[in-house]
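Undergrad: Build me a structure from this.
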Amino acid sequence: MQTGAGPLNTPSVKIIVIILVIGLGLAFTAEALAEDDTPAELSRQIAELSRQAKYKDAVLPAEKLLALTRNARGDGDLQTIRAISTLALLYDYDGEYAKAEPLCKEALEICQKVLGPEHPDTARSLNNLAELYQHTGEYAKAEPLCREALQIRQKVLGPEHPVTAISLSNLAELYQRLGEYAKAEPLCREALQIRRKVLGPEHPVTGTSRASGDPKEYSAR
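TA: Numbering: from 1, shown residues only. Just a heads-up that it's a prediction; the model follows:
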């Protein structure tokens, strides 16, 4: 299977994504949990290992976190969805695509059923599955997912939200990989404009947008 690398597939961005997903604020009443198996401690371990790009090592605490969350809250809870997504991301970033895909699909299915088709977490799940398909080179599957995630974020979060800019960049990256630079360029520019306005011109993420603003740089990667 093909793999790809772009500005949204760097270790620093991966760490940010995982930390955002596992920042669950989980609260469990079970007092029998071992101190190192509490949701807070498991989340800390996942975040720390992700900072070190030790995604394979982070899988075990992520599996424990998912099991705890499922048992305590059930499959339809938002925190369970995010625990599923965390494990899926770790498998994806470690190149275990066959393990990541069913988890990504499960998270998306639950989101659509429980939260609705226009919830921000539904958009996140669409984005995660689209990113997985980009990593495996299945671009025809990725494109409609990227578009749907972007449409949800534009409607729910607004056209100038930083997360909307992420979806613009995701779709631009897909077109860059396909060599469709005429489609990618306006999306890159729009994402950069949002980040300059909302985050400021010196923000690290704005810098990433500037670095990826020329679609031709992907032809050399």
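Undergrad: switch to C-alpha atoms for all contacts and neighbour counts from now on
TA: Fine.
Undergrad: thinking residue 160 is in contact with residue 198, fair?
TA: Yes - when contacts are counted by C-alpha atoms under 8 Å, residue 160 is listed as touching residue 198 (7.5 Å).
Undergrad: Those two - which one has more neighbours?
TA: Between residue 160 and residue 198, counting by other C-alpha atoms under 10 Å, residue 160 is the more crowded of the two (17 against 14).
Undergrad: Tell me how many other residues surround the nearest residue to that one once chain neighbours are set aside.
TA: Excluding the flanking residues, the one nearest residue 160 by C-alpha to C-alpha, 6 or more residues apart in numbering is residue 194, at 5.5 Å. Around residue 194 there are 20 other residues, counting by other C-alpha under 10 Å.
Undergrad: Mind checking what secondary structure residue 194 has?
TA: helix (DSSP: H, G, I helix; E, B strand; the rest coil).
Undergrad: ok, it touching residue 162?
TA: Yes - counting by C-alpha under 8 Å, residue 194 does reach residue 162; the two are 6.8 Å apart.
Undergrad: Show the contacting residues for residue 147.
TA: Applying C-alpha atoms under 8 Å, 6 or more residues apart in numbering to residue 147 gives the contacts residue 171.
Undergrad: where's it relative to residue 187, distance?
TA: 12 Å (C-alpha to C-alpha, to the nearest Å).
Undergrad: tell me, what's touching these two both at once?
TA: Shared contacts of residue 147 and residue 187, defined by C-alpha under 8 Å, 6+ apart, comprise residue 171.
Undergrad: what's the pLDDT at residue 39?
TA: If you check residue 39, the pLDDT there is 88.
Undergrad: Please look at it and residue 65 and confirm they touch.
TA: Yes - between residue 39 and residue 65 there is a contact under C-alpha under 8 Å: 6.0 Å.
Undergrad: what ranges of this protein fall below the confidence cut-off?
TA: Residue ranges of the chain with pLDDT under 70: 1-36, 202-221.
Undergrad: now with 50?
TA: 1-13, 15-20, 24-34, 210-221 (pLDDT under 50).
Undergrad: Closest to the centroid, which residue in it?
TA: residue 128 (4.7 Å; C-alpha atoms, centre = their mean).
Undergrad: Checking that one next. Helix, strand or coil?
TA: helix.
Undergrad: Look up how far residue 149 lies from it.
TA: In terms of C-alpha to C-alpha, residue 128 sits 10 Å off from residue 149.
Undergrad: Also residue 107?
TA: 14 Å.
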